[in-house]
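Student: Predicted model and sequence follow; I will ask about them next.
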Amino acid sequence: MSIEVTKVSKKYGSQLAVNEMSFAIGKGEVVGFLGPNGAGKSTMMKIITCFIPPTQGSVKVCGYDVMQQSIEARKRIGYLPEHNPLYTDMYVREYLTFMADIYQLKGKSDRVKGVIQRVGLEIEMHKKIGALSKGYRQRVGLAAAIIHDPEVLILDEPTSGLDPNQLVEIRDLIIQLGKEKTVMLSTHIMQEVEAICGRTIIINKGQVMADQPTEQLRNLAGGNNYELTVELSGNMDLADFISIRGVMNATSAGNNQWTIHVSGLEDVRKEIAEKAMSKGLVVMTMTRHEVKLEEIFKTLTAVNKEL
């Protein structure tokens, strides 16, 4: 396993930030790490990256204990924290060379050139970091995180504050990195998780609430239910839809358009089309909508809200 977290707890005085959290992330996985503000995400990431010790429990990165074998663990981790710390008075190439010196890398000139190309910094590499847009500063942070070719990449809110174009560029870069590295990604952007992460861990109040493949996770909210939006050439009655096995409810949106609430155990599209034909109607459009990840997030993080 690339990351092994076993019954980890962390207290700040009397406040319990992480409560006996356990999970494991295998080599080559891209995992979304989600939770509301104050859930313990950043604390857990700081423990994994050797910045702070756990109060109890153990964490291993690539088989190395983060407390007992911290140096070996750090060599295998690339970390981009939420507030990307950069020396803004340094030039891009100068800063990355400085980072290569810290890691005591051999062939540092080639390594710096390689990461600059990898993250798309060629046209900006002769500028001072302070003169870069936030999107390019994030690229510099990613370049610094991968310059030593780590096996594990920890990204805390890597696209926070970016404009739509920058967000897409950084997201595509993370997808490319995820093809060869283990990536743990913390974000509040649900669409980002759905686009990037094959697996999602949701935490709340320091505990794991869900840990499943992202596609399967949708089933945790309302079972396998889904919705259909249907537009017909004429009017059908509510009773016509309700009579179809699997349809739980239907809501008219006017102009012969309906939202159909369906149990996921049934595929009712054929039956709806046949029912419409029996009424002399034509199905103009029919679209299926899966339960969104943000709905599952809201459901799971509302659990034990008063505890």
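Tutor: That came through fine. What you are looking at is a predicted structure, and each value in this text was computed from that prediction instead of being measured.

Student: Report pLDDT for residue 19.
Tutor: For residue 19, the pLDDT comes out at 95.

Student: ok, it touching residue 206?
Tutor: Yes. At 3.9 Å, residue 19 counts as touching residue 206 under the criterion of CB atoms under 8 Å. C-betas here are computed from N, CA, C, even on glycine.

Student: average pLDDT across stretch 150-166?
Tutor: 86.

Student: Likewise for stretch 53-69?
Tutor: pLDDT averaged over stretch 53-69 gives 96.

Student: cool, and stretch 104-111?
Tutor: On average, stretch 104-111 scores 92.

Student: go on, stretch 261-278?
Tutor: The average of the pLDDT scores along stretch 261-278 is 87.

Student: Just the buried positions in that stretch, please.
Tutor: 261, 262, 268, 271, 272, 273, 275, 276 (16 or more other CB atoms under 10 Å).

Student: The residues you listed in helices, which ones?
Tutor: 271, 272, 273, 275, 276 (DSSP state H).

Student: Let me see the ranges of the strands in the protein.
Tutor: 3-12, 15-25, 30-34, 56-61, 64-65, 77-80, 152-156, 182-186, 199-204, 207-213, 226-232, 247-254, 257-262, 283-289 (DSSP state E).

Student: Name the strands paired with the fifth one and say parallel or antiparallel.
Tutor: The sheet places strand 64-65 alongside strand 56-61 (antiparallel), with pairing taken from DSSP bridges.

Student: then the partner strand to CSV, C-alphas only?
Tutor: In CSV, the C-alpha atoms belonging to strand 56-61 read as follows (Å, rounded to 0.1, in the frame of the first residue of the first chain):
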residue,chain,number,x,y,z
GLN,A,56,-2.3,7.9,18.7
GLY,A,57,-2.4,5.4,15.8
SER,A,58,0.1,4.9,13.0
VAL,A,59,0.6,6.1,9.4
LYS,A,60,2.8,4.4,6.8
VAL,A,61,3.8,5.8,3.4
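
Student: quick check: angle from it to strand 15-25?
Tutor: Orientation of strand 56-61 against strand 15-25 (axes from the mean of the first three to the mean of the last three CA atoms, to 10 degrees) gives an angle of 40 degrees.

Student: which other residues reach strand 56-61?
Tutor: Strand 56-61 is contacted by residues 1-9, 20-22, 47-48, 65-67, 73, 76-77, 152 when judged by CB atoms under 8 Å, 6 or more residues apart in numbering.

Student: can you give me how far stretch 171-191 is from the chain middle?
Tutor: 7 Å (CA atoms, centre = their mean, to the nearest Å).

Student: what comes up buried for it?
Tutor: Under 16+ other CB under 10 Å, the buried positions of stretch 171-191 are 171, 173-174, 177-178, 181-190.

Student: do the same with stretch 95-108
Tutor: Of the residues in stretch 95-108, those buried (16+ other CB under 10 Å) are 95, 96, 97, 99, 100, 103, 105, 108.

Student: re earlier: which member of the ones in helices among the buried residues of stretch 261-278 is positioned nearest residue 145?
Tutor: Nearest to residue 145 among these: residue 272, at 50.1 Å, using CB to CB.

Student: My guess is the closest one contacts residue 230. True?
Tutor: Yes. Using CB under 8 Å, residue 272 is in contact with residue 230, at 6.3 Å.

Student: Give me the common contacts of those two.
Tutor: 260, 283, 286.

Student: In CSV: the residues you listed, plus neighbour count.
Tutor: Shown next, in CSV, are these (neighbours: other CB atoms under 10 Å):
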residue, neighbour count
260, 23
283, 16
286, 17
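
Student: Present those as a markdown table; the columns should include distance to residue 117.
Tutor: Putting these into a markdown table (distance: CB to CB, whole Å) gives the following:
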| residue | distance to residue 117 |
| --- | --- |
| 260 | 50 |
| 283 | 51 |
| 286 | 46 |
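
Student: Could you single out the nearest of these to residue 142?
Tutor: residue 286 (42.1 Å).

Student: What spatial separation is found between the nearest residue to the closest one once chain neighbours are set aside and residue 107?
Tutor: Leaving aside its sequence neighbours, residue 286 sits nearest to residue 230 (CB to CB, 6 or more residues apart in numbering; 5.0 Å). In this view, residue 230 and residue 107 are 61 Å apart by CB to CB, to the nearest Å.

Student: cool, residue 162 as well?
Tutor: From residue 162 to residue 107 the distance is 32 Å (CB to CB).
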